[in-house]
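[1] Sequence and predicted structure, then a few things I'm wondering about:
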Amino acid sequence: MMHENRHNDIVQLNEDVSNSDLYSKDLAPVPPEERTWSMWSLASLWVGMAVCIPTYMLASLMILGGLTWLESLLIIGLGNLIITIPMVLNGHAGVKYGIPFPVIGRSSFGIFGIHLPSIVRALVACGWFGIQTWIGGLAIYAIYNALTGSVGVEGLSTGKFIGFGIFWLINMYFIWKGTESIRFLEQYAAPILIFMGLALIGWGAMNAGGMANVLSKSQNLASPYLEKQTNGKGYQLNLNPAVDENGHIKADEFKFTINGNEGAWFPLKGAVIPVAEEYANNLAVQLRKKTANGFVLSKVATINPPNSNQPKFWKYILFLTAMVGFWATMSLSIADITRYAATQKAQIAGQFIGLPGTMMLFSFVGIFVTAAAFIIFDDILLGQDAPWDPVSLLAKFDNPMVVIISQIFMIIATLSTNIAANVIAPANAFSNLKPKAISFRTGGIITGIFGIIICPWWLMNKIIPLLLMVSGLLGPVLGVMLADYFLIRKTEVDLEELYKEHGIFRYNNGFNTAAIIALFVGVAVALIGYIVPALEVLYTLSWFIGFGVSFVLYYVLMPKGYPIKPDYND
């Protein structure tokens, strides 16, 4: 029998379960009077989370893979519309019951079984927390150099570690102040970040001959930098040199390097260079341009391998899967945030307004600004010289005030992403391990400590592929949770039982066997594609495949032999 009160479809506890070891103030249902997050609060949250360096660089992967800027944007938009649907569905329980991900997950995985997916989710967030904190620290370091006129060093330095420490402490401040301070941060950061994006687009349009001119030349970034072709008489090299706003090639000269031996510089008269057959496979090309301060050199371009015969439709599917996986971890723990929303309408509208539109806008900013830089800067002579990430772009400005203002924006963007996406979920997951002993604040401090332990300054490039792989394998967790909440329980969860050590969600010694089986089978199916090359498609589509397999398997297993009525005689 259920004992809850209802207030505008918000379920409240009507039984004192505060003595349970599974209960704490931080994990308790949020009462209606404390639901302060409106539709615009949630939309602002997504603006704050979506505006980050990975979003800025998202479209670059697609354009470099041969897609047009418009195709890239449409895939980003569609992918984020798709992931917003399970985001909203999983956020439903957060609004209705006011509980975070580790607590609602007790209903499907069991009071102890939920630790497995929630801690994996937490560790992924800790990894990203460390990486984002290092990036934020580098922005502080850049501001210090701009203010003092110092020259930044390439490797690790005391200044970079001081910047990391300062940014770490800023993150810890918001964790200590709690979720209201996070809402304040996101609401005020959102308009600043939108203004920053629009200002960057305006800068590119004004300095590169207008929006149409920039977008028409953006496809140069997708073309091979150096491609070998036969021309009926022999071989030729097709260069893809950068052009100015009038369409003129910026480089003046080129030189060949053949089998490691550098040749002389020759005038560059066009984008096609004839070559002898014996040299066609073993050479590289470098461009240069004469400026008032001397010569500017391009990177060395080698011959690109022939384009893959892979159908373009398959490229669309691959990139679409990557877009869905981008926010896959947030779709698991979105109840951590929606529990502060007053109504279902607020969480649904806020997420649909905030997520897909912001991802498209700031991916477009990345495309447009990179394409504009390709035209504007004299030292960009080939597509591979283009500054795809904002840090590389900012390095091209000499004006200290431009650097300082831009890096302040970078700090705001990184902070708003880090707090919302990489702190709230692990703080709740760690708190759920020992609710009476570990508070949200303590869980947040643990997250921060893990962010230091992973040594992001050394492992950033090595750990990112692992984090992305694990994120792609979390689809089965969401499949189990949605099947349990919507198909098995029809959104009706006995709220008090979630906090009882010997209630209906104890299952088999705290683990729901059906959920554990469905989870491991879903992950195993995806990993088979990683191990067996012939089944690579299973791994490539791991989020969709894992989600579908676990969703169906849990639904099949759960009604058969897994009773959910209370047994208080354990």
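    Structure's in. What do you need?

[2] Buried residues, the helix or strand containing F184. List them.
    Using DSSP states H and E, F184 sits in helix 179-207. By 16 or more other CB atoms under 10 Å, the buried positions in helix 179-207 come out as 179, 182-183, 185-187, 189-190, 192-194, 196-197, 200-201, 203-205. Every C-beta, even on glycine, is put in place using the N, C-alpha and C of the backbone.

[3] Let me see the contact set for the closest residue to Q407 other than its chain neighbours.
    Nearest residue to Q407 in three dimensions, chain neighbours excluded: A139, at 4.4 Å (CB to CB, 6 or more residues apart in numbering). The contact partners of A139, taken as CB atoms under 8 Å, 6 or more residues apart in numbering, are 163, 167, 407-408, 410-411, 414.

[4] The helix or strand harbouring A139: how far from the chain's middle?
    Applying DSSP H and E as the criterion places A139 in helix 115-148. Mean-position distance between helix 115-148 and its chain equals 13 Å (CA atoms, centre = their mean, to the nearest Å).

[5] quick one: average pLDDT of that helix?
    The average pLDDT for helix 115-148 rounds to 90.

[6] buried residues in the helix or strand hosting G163?
    Assigned by DSSP H and E, G163 belongs to helix 158-177. Going by neighbour count (16+ other CB under 10 Å), the buried part of helix 158-177 is 159-160, 163-164, 167-168, 170-172, 174-175.

[7] Repeat that for stretch 248-265.
    For stretch 248-265, the neighbour count (16+ other CB under 10 Å) marks 249-252, 254-256 as buried.

[8] Span of it from start to end?
    Terminal residues of stretch 248-265 lie 20 Å apart, using CA to CA, to the nearest Å.

[9] which residues are contacting that stretch?
    Identification of contacts with stretch 248-265 by CB under 8 Å, 6+ apart yields 239, 241-244, 266-268, 270-271, 273, 275, 279, 282-290, 298, 300, 378, 380-381.

[10] which residues touch the closest residue to T414 other than its chain neighbours?
    Excluding the flanking residues, the one nearest T414 by CB to CB, 6+ apart is G136, at 4.2 Å. Residues near G136 by CB under 8 Å, 6+ apart: 163-164, 167, 170-171, 410-411, 414-415, 418.

[11] Quick check: the gap between G136 and I411.
    From G136 over to I411 the distance is 6 Å, taken as CB to CB, to the nearest Å.

[12] Please apply the same query to L553.
    In this view, L553 and I411 are 45 Å apart by CB to CB.

[13] Please, where are all the strands along the stretch 1-150 of the chain?
    Taking DSSP state E, counting those that start in this stretch as the criterion, the stretch 1-150 of the chain carries its strands at 5-7, 10-12.

[14] Show me the helices in the stretch 351-500 of the chain, by range?
    All helices of the stretch 351-500 of the chain, identified by DSSP state H, counting those that start in this stretch, fall at 390-394, 400-422, 424-433, 440-453, 456-472, 475-482.

[15] and the first one, what does it pack onto?
    Helix 390-394 makes packing contacts with helix 53-64, helix 115-148, helix 344-376, helix 400-422 when contacts are defined by 3 or more CB pairs under 8 Å, 6 or more residues apart in numbering; DSSP states H and E.

[16] Go through the last one and flag the buried ones.
    Looking back up the chat, that one is helix 400-422. Neighbour counts over helix 400-422 (16+ other CB under 10 Å) mark 403, 406-407, 409-422 as buried.

[17] Any idea how many residues pack against G522?
    G522 is flanked by 29 other residues according to other CB atoms under 10 Å.

[18] The residue nearest in space to the middle of the chain and S150: what is the separation?
    Among the residues of the chain, the one closest to the centroid is F326, at 4.6 Å (CA atoms, centre = their mean). Distance, F326 to S150, by CB to CB: 36 Å.

[19] picking that back up, please report how far the residue nearest to T414 lies from N171.
    From G136 to N171 the distance is 8 Å (CB to CB).

[20] Same question for T302.
    Taking CB to CB, one finds T302 at 42 Å from N171.

[21] before we move on, the earlier item: mind putting the buried residues of stretch 248-265 into CSV with distance to M39?
    CSV is the format used below for the buried residues of stretch 248-265 (distance: CB to CB, whole Å):
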residue, distance to M39
I249, 51
K250, 48
A251, 51
D252, 56
F254, 56
K255, 59
F256, 60
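
[22] quick revisit: show me the two of the contacts of A139 that sit farthest apart.
    Longest distance between any two of the contacts of A139 is 13.3 Å, between G163 and I408; criterion CB to CB.

[23] got the domain boundaries for the chain?
    Taking automatic domain parsing as the domain assignment, the ranges for the chain are 5-208+313-476, 225-302.

[24] Is it possible to get TSV of these that adds distance to K500?
    Shown next, in TSV, are these (distance: least, CB to CB, whole Å):
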stretch	distance to K500
domain 5-208+313-476	6
domain 225-302	63
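
[25] Return the most buried member of those domains.
    Ranked by mean neighbour count under mean count of other CB atoms under 10 Å, the domains of the chain are led by domain 5-208+313-476, which reaches a mean of 20.

[26] looking at it, K289 is touching L381, isn't it?
    Yes: counting by CB atoms under 8 Å, K289 touches L381, with 6.1 Å between them.

[27] Please enumerate the shared neighbours of the two.
    Listed as contacting both K289 and L381 by CB under 8 Å, 6+ apart are 250-251, 296.

[28] so where is this structure shaky, pLDDT-wise?
    Residue ranges of the chain with pLDDT under 70: 1-8, 222-235, 276-281, 303-310, 460-468, 471-472, 560-570.

[29] ends of stretch 45-61, how far apart?
    Counting by CA to CA, the terminal residues of stretch 45-61 are separated by 26 Å.

[30] Give me the buried positions along stretch 503-520.
    503-507, 510-512, 514-516, 518-519.

[31] List the neighbours of that stretch that are in contact with it.
    With contact meaning CB under 8 Å, 6+ apart, stretch 503-520 is reached by 106-113, 116-117, 476-477, 479-480, 483-484, 494, 496-498, 500, 549-551, 553-554, 557-558, 562, 564-568, 570.

[32] For M469, which of the helices and strands packed on helix 390-394 is the nearest?
    Distances from M469 to each of the helices and strands packed on helix 390-394 were compared using CB to CB; the minimum, 9.9 Å, belongs to helix 115-148.

[33] List the contacts of A146.
    Here A146 is in contact with 400, 403-404, 407 (CB under 8 Å, 6+ apart).

[34] can you count the residues close to V537?
    13.

[35] host element of the nearest residue to F109 once chain neighbours are set aside?
    The shortest distance from F109 to any residue other than its chain neighbours is 4.6 Å, reached at A515 (CB to CB, 6+ apart). Take DSSP H and E as the rule and A515 turns out to sit in helix 513-531.

[36] Measure how far that helix is from the centre of its chain, please.
    The chain centre lies 24 Å from the centre of helix 513-531; the measure is CA atoms, centre = their mean.

[37] Repeat that for stretch 10-26.
    On CA atoms, centre = their mean, the centre of stretch 10-26 falls 34 Å from that of its chain.
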